[in-house]
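> next one to model:
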Amino acid sequence: RRRPHLGHLLLELGLLSPQQGCLPLQLLLPLLQASAGLLQAPALCPLQRQLLLILRHAGGVHSAVAQAALRALAVVLREGRGPAPSERQLAELLRLVATELDAPDAQASVFALLRAVVARAFVVPEVYDVMDRVAELLVTSHDAQVREVCRSLYLAFLLDYPQGHGRLKNQLEFLAKHLAYESEGGRRSVLELVGAILAKFSPEVVAQYAQLFFVALVMQLANEESTACRKQAADVLGTLLHVLPANERDGLLRMTRPWAMAQGTPQAQKLAAVALRVYDIAAASECPAWAAQDAATAVAHVLTHSAEAMDEDVVSWHLTYQALQTMQTLARDAHAWTSLAACIPHVLTLLTLPHAWCRIAACRVLGAYFAAGHTLEASEYVRAARQLVAQLYSAFLDDALVLQIVRNLVFLGKAFACLLYTSPSPRDRG
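Okay, the predicted model is just below:
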């Protein structure tokens, strides 16, 4: 029963002009927010026209009147049941706000309006122009909240608006390129958006651009200095490998094979470490048997060289660490020890590599080997015990390493007890 009265009131408030100041619009906004879903075209059409007229004559979007009109129009467009503005009106409105996207005093109102336009999926050429600017801001803005709003807007735009093949290709290439943006905040913003795109786009569309993002993410893992960005890039890469059809995923993993066997220069070792990280990510979900075997071969190759040249520091600690990490992930499959067991003597050697991360990784691999029920020769048990005890006197000791050392020593104690119990006594041997 209140709807007609509300409609008449809004019609009266709709007879506004910029000269009347901001107060009428401030009264209008809460009424719209509370009741826009109930309003029909007879009340909304004249109000919508009047708000557009106010914006046209406001001389920009920085005045209080213009910003109040933008917020009111955003509510009308998003929640009202009136017809869409004409293409001419939308084009004029979008051209007005396009130049103000990076103006701090107007951003809240401008983004509210753009969210309403995208939510209604109004299609005019100016929407695409504005979204190109939104894409730039989600990377370059120094304000984390602005980057977040731009990501949300741009993702909705990519999902809901028609995108020709050429335009989509340019947009995704823009994102892949800016995975190497100079600002960490910008890189993390792009990573978050790319992860959402990979998760929400159809596998068929993702497959068309899989190599583009795979190479970009691999290069980021190789060159990224930020630990948080590296972890995020690895998560996004995991999403890519998970959503791809098996044949596309296998093609990317085959690209990794020659990288993993690279040795020699620091750059080659860095690429090999990234390749092992790719195998690590793949092995954590669905990894084909041939790729797991390739990974095991690469791990054995790295650990052999690391153990043989440990004193000469020929192999980077980072490559050694990643090989140990990948080995631990592969070992979640009990059958993997068929290929990996031969690496255990090298793991014992690397227990005293002078780097804390490598020591804890080697300790955990040894613990996984013991937990899987595998055994060593008696002489190797002795060597393992000596290496573990030696770590207790090192400067690299911390709580996590101590805990893993103690776990391994407990197993060794049981193993020694079994050896003593099963060995024949001197009298028996006589």
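
> all contacts plus neighbour counts: C-alpha atoms, from now on.
Will do.

> and the lengthiest helix in the chain, how far out from the chain middle?
Using DSSP state H, we find that the single longest helix of the chain is helix 399-422. Averaging C-alpha positions (Cα atoms, centre = their mean, to the nearest Å) puts helix 399-422 39 Å from its chain's average.

> buried stuff in it?
Within helix 399-422, the residues that count as buried by 16 or more other Cα atoms under 10 Å are L401, V402, Q404, I405, R407, N408, L409, L412, A415.

> hang on, isn't the fourth one packed against V365?
Meaning I405. No: the pair I405 / V365 is not scored as a contact, 11.4 Å apart, by Cα atoms under 8 Å.

> thinking again about what came up before, out of the buried residues of helix 399-422, which comes closest to Q328?
Q404 (13.9 Å; Cα to Cα).

> what about the closest one, distance to G367?
Taking Cα to Cα, to the nearest Å as the measure, Q404 and G367 are separated by 7 Å.

> got it, and G373?
Counting by Cα to Cα - G373 and G367 are separated by 10 Å.

> again, but for V382
16 Å.

> of the two, who's got more company?
G367 (18 against 14; other Cα atoms under 10 Å).

> got phi/psi on the more buried one?
phi -60, psi -40 (degrees, to the nearest 10).

> read off the pLDDT value for it.
As predicted, G367 sits at a pLDDT of 95.

> repeat that for S306.
90.

> sec struct for M310, please.
coil (DSSP: H, G, I helix; E, B strand; the rest coil).

> what separates the closest residue to it other than its chain neighbours from I197, distance-wise?
In space, and not counting its chain neighbours, M310 is closest to L353: 6.9 Å by Cα to Cα, 6 or more residues apart in numbering. From L353 across to I197, the span is 41 Å (Cα to Cα).

> and if you look at P245?
16 Å.

> same question, H142
Taking Cα to Cα, one finds H142 at 23 Å from I197.

> tell me which of these two has more neighbours.
I197 (17 against 13).

> does the more buried one really touch L155, like I thought?
Yes: using Cα under 8 Å, I197 makes contact with L155 at a distance of 7.2 Å.

> before we move on, back to that, kindly reformat the buried residues of helix 399-422 as a markdown table containing pLDDT.
As requested, those are arranged in a markdown table below (pLDDT from 0 to 100):
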| residue | pLDDT |
| --- | --- |
| L401 | 92 |
| V402 | 93 |
| Q404 | 94 |
| I405 | 94 |
| R407 | 94 |
| N408 | 95 |
| L409 | 95 |
| L412 | 93 |
| A415 | 89 |
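
> farthest pair within those?
L401 and A415 (21.0 Å).

> looking at the helix or strand where G166 lies now, give me its mean pLDDT.
Assessed by DSSP states H and E, G166 sits inside helix 165-177. Averaging pLDDT along helix 165-177 yields 94.

> buried stuff in it?
L172, L175, A176.

> now it, how far from the chain's geometric center?
18 Å.

> also stretch 129-136?
21 Å.

> residues touching that stretch, excluding its own?
Outside stretch 129-136, the residues that touch it by Cα atoms under 8 Å, 6 or more residues apart in numbering are L94, A98, L101, C150, R151, L153, Y154, F157.

> which neighbouring elements make contact with the helix or strand where the fifth one lies?
In this structure, R151 is located in helix 144-160 according to DSSP H and E. With contacts defined as 3 or more Cα pairs under 8 Å, 6 or more residues apart in numbering; DSSP states H and E, the packing partners of helix 144-160 are helix 107-120, helix 125-140, helix 184-200.

> burial measure for P125, as a count.
Counted with other Cα under 10 Å, P125 comes out at 12.

> wait, what's in contact with it?
A91.

> gap between it and Q163?
12 Å.

> just L221 next, same as before
When L221 is compared with Q163 (using Cα to Cα), they lie 30 Å apart.
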